[in-house]
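Student: coordinates only, sequence not included:
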């Protein structure tokens, strides 16, 4: 039976960053993942799954040696962010007001994962099991035994669940979740735009749900359409031409001329683990918490989890696997994740209706917020992890 200090279940963006960071601290790490990310080529169409990467996440990726790899592939920086319900009541954010070159970057999730995986070959104390599937976990004294689908068994002192919203590690550790369905689905639509690369991401609120635009490199962009499950299902079965007509009818004029390239959809569900750890097991990223993707903060929260766990393990020295270390991680991360979840839920509920008095209040609030430079800076700094 092979033994490791740490086994990371899940080799996606958060899991790969965790494994790489722990290996750089000198721990012997194994990563379990079912599918390797496809290699990159400039001729590939854009993936549907993209993330708005904050400066805090960039700093972590840079420390792990992966950010230069992302820069060598493709990404889109953005300097401005606008949100509104009615055009005359907007809240605007600008990197210039923060003394920054940009507010963040829109990056395909696969390329973030690939950039991290490209660092694996440089680390002797990191072992990748891919393709592999974990079938069971067994707690033992001071650790876990993990059995793979091929009957191979691995042993570790710390098992990390970075295996997504339906985390098998979380379930087998008998960690409960608080969850509810938002009763909406989200549609992602990649488009080709008449306008060249834009430096702005925007979001318009409607009673049926937000409509968002994320800039991509070149003459490309990503639209995010929230609506009822029934409407999203109807849209998903349309031709590109039919979908283009529907988008033109409901998206704001800021979109300009465009054509549909690709699309996909998924339901919106909030989850929060009732605890982030038990003895010798800990959860990160979507395994611990999922969030309404309203502000694109999901992966950034996951990278914050990684950063804090690495800090606590490094500070603990030889006691790195003790529950007190995992408790410190939870006490630093759980409140922050809960605040972000609650904030997104507040905006979702406050704007997803057509009640006249509430509509007046929220638009007045957006207008006031746009003029309150100090408040805007604080909100933006918090979201960016600065």
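Tutor: Looks like it came in fine. Keep in mind it's a predicted model, so treat the numbers as computed, not measured.
Student: Could you give the backbone dihedrals for residue 157?
Tutor: As for residue 157, its main-chain torsions (degrees, to the nearest 10) stand at phi -90, psi -30.
Student: Contact partners for it?
Tutor: By Cβ atoms under 8 Å, 6 or more residues apart in numbering, residue 157 lies in contact with 5, 6, 142, 143, 280, 321. Any C-beta I mention is one placed from the backbone N, CA and C, and that applies to glycine too.
Student: Mind doing that once more with 7 Å?
Tutor: 5, 142, 143, 280, 321 (Cβ atoms under 7 Å, 6 or more residues apart in numbering).
Student: tell me, what residue is most central in this protein?
Tutor: For the chain, the residue sitting closest to the mean C-alpha position, by Cα atoms, centre = their mean, is residue 299 at 2.1 Å.
Student: And it, how far from residue 307?
Tutor: Distance, residue 299 to residue 307, using Cβ to Cβ, to the nearest Å: 13 Å.
Student: returning to that earlier point: can you lay out the contacts of residue 157 as CSV showing distance to residue 113 and pLDDT?
Tutor: Shown next, in CSV, are those (distance: Cβ to Cβ, whole Å; pLDDT from 0 to 100):
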residue, distance to residue 113, pLDDT
5, 23, 98
142, 31, 94
143, 27, 96
280, 26, 98
321, 26, 96
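Student: Out of the residues you listed, which comes closest to residue 86?
Tutor: The closest of these to residue 86 turns out to be residue 280 (Cβ to Cβ; 53.0 Å).
Student: can you give me phi and psi for the closest one?
Tutor: Main-chain torsions, residue 280, degrees, to the nearest 10: phi 70, psi 20.
Student: Determine the number of other residues adjacent to it.
Tutor: When neighbours are counted by other Cβ atoms under 10 Å, residue 280 registers 20.
Student: give me every residue that touches it.
Tutor: Contacts of residue 280 by Cβ under 7 Å, 6+ apart are 139, 142, 143, 144, 157, 158, 159, 321.
Student: Using JSON lines, lay out these together with secondary structure and distance to residue 249.
Tutor: Output for these, formatted as JSON lines (DSSP: H, G, I helix; E, B strand; the rest coil; distance: Cβ to Cβ, whole Å):
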{"residue": "139", "secondary structure": "strand", "distance to residue 249": "55"}
{"residue": "142", "secondary structure": "coil", "distance to residue 249": "61"}
{"residue": "143", "secondary structure": "strand", "distance to residue 249": "58"}
{"residue": "144", "secondary structure": "strand", "distance to residue 249": "53"}
{"residue": "157", "secondary structure": "strand", "distance to residue 249": "57"}
{"residue": "158", "secondary structure": "strand", "distance to residue 249": "52"}
{"residue": "159", "secondary structure": "strand", "distance to residue 249": "50"}
{"residue": "321", "secondary structure": "coil", "distance to residue 249": "56"}
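Student: neighbour-wise, which of these leads?
Tutor: Most neighbours among these, by other Cβ under 10 Å: residue 159, with 28 neighbours.
Student: could the contacts of residue 157 be laid out in a markdown table, adding distance to residue 333?
Tutor: Formatted as a markdown table, the contacts of residue 157 follow (distance: Cβ to Cβ, whole Å):
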| residue | distance to residue 333 |
| --- | --- |
| 5 | 21 |
| 142 | 24 |
| 143 | 23 |
| 280 | 18 |
| 321 | 18 |
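Student: where do the helices sit along the protein?
Tutor: 13-24, 55-63, 67-71, 95-98, 109-117, 168-172, 229-236, 240-250, 298-316, 323-351, 356-371, 373-384 (DSSP state H).
Student: neighbours around the closest residue to residue 129 other than its chain neighbours, how many?
Tutor: Leaving aside its chain neighbours, residue 129 sits nearest to residue 32 (5.0 Å; criterion: Cβ to Cβ, 6 or more residues apart in numbering). By the criterion of other Cβ under 10 Å, residue 32 has 28 neighbours.
Student: Isn't residue 32 up against residue 137?
Tutor: No - with contact defined as Cβ atoms under 7 Å, residue 32 does not count as touching residue 137 (10.8 Å).
Student: List just the nearest of the contacts of residue 157 to residue 112.
Tutor: Residue 112 lies nearest to residue 5 out of the contacts of residue 157, by Cβ to Cβ, at 24.9 Å.
Student: Can you give me the distance of the closest one to residue 269?
Tutor: 33 Å.
Student: The two: which has the busier surroundings?
Tutor: The residue with more neighbours, out of residue 5 and residue 269, is residue 5; 20 against 14, by other Cβ under 10 Å.
Student: how about the nearest residue to residue 96 once chain neighbours are set aside, what does it touch?
Tutor: Nearest residue to residue 96, sequence neighbours excluded (Cβ to Cβ, 6+ apart): residue 79, at 7.3 Å. Residue 79 sits next to 94, 95, 102, 103, 199 when contact means Cβ under 7 Å, 6+ apart.
Student: Could you pick out the buried ones from those residues?
Tutor: 94, 95, 103 (16 or more other Cβ atoms under 10 Å).
Student: Reformat those residues as TSV; add pLDDT and distance to residue 177.
Tutor: Converted to TSV, the buried ones among the contacts of residue 79 look like this (pLDDT from 0 to 100; distance: Cβ to Cβ, whole Å):
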residue	pLDDT	distance to residue 177
94	90	38
95	90	36
103	93	32
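Student: Out of the residues you listed, which comes closest to residue 188?
Tutor: Taking Cβ to Cβ as the measure, residue 188 lies nearest residue 103 of these, at 20.8 Å.
Student: doesn't residue 77 make contact with that closest one?
Tutor: No - using Cβ under 7 Å, residue 103 makes no contact with residue 77, being 8.3 Å away.
Student: Burial check on the residue lying closest to residue 161 once chain neighbours are set aside, number of neighbours?
Tutor: Counting by Cβ to Cβ, 6+ apart, residue 161 lies nearest to residue 169, which is 2.9 Å off, once chain neighbours are set aside. Other residues within reach of residue 169 by the criterion other Cβ under 10 Å amount to 26.
Student: contacting residues around residue 169?
Tutor: Counting by Cβ under 7 Å, 6+ apart, residue 169 touches 9, 137, 159, 161, 163, 281, 283, 287.
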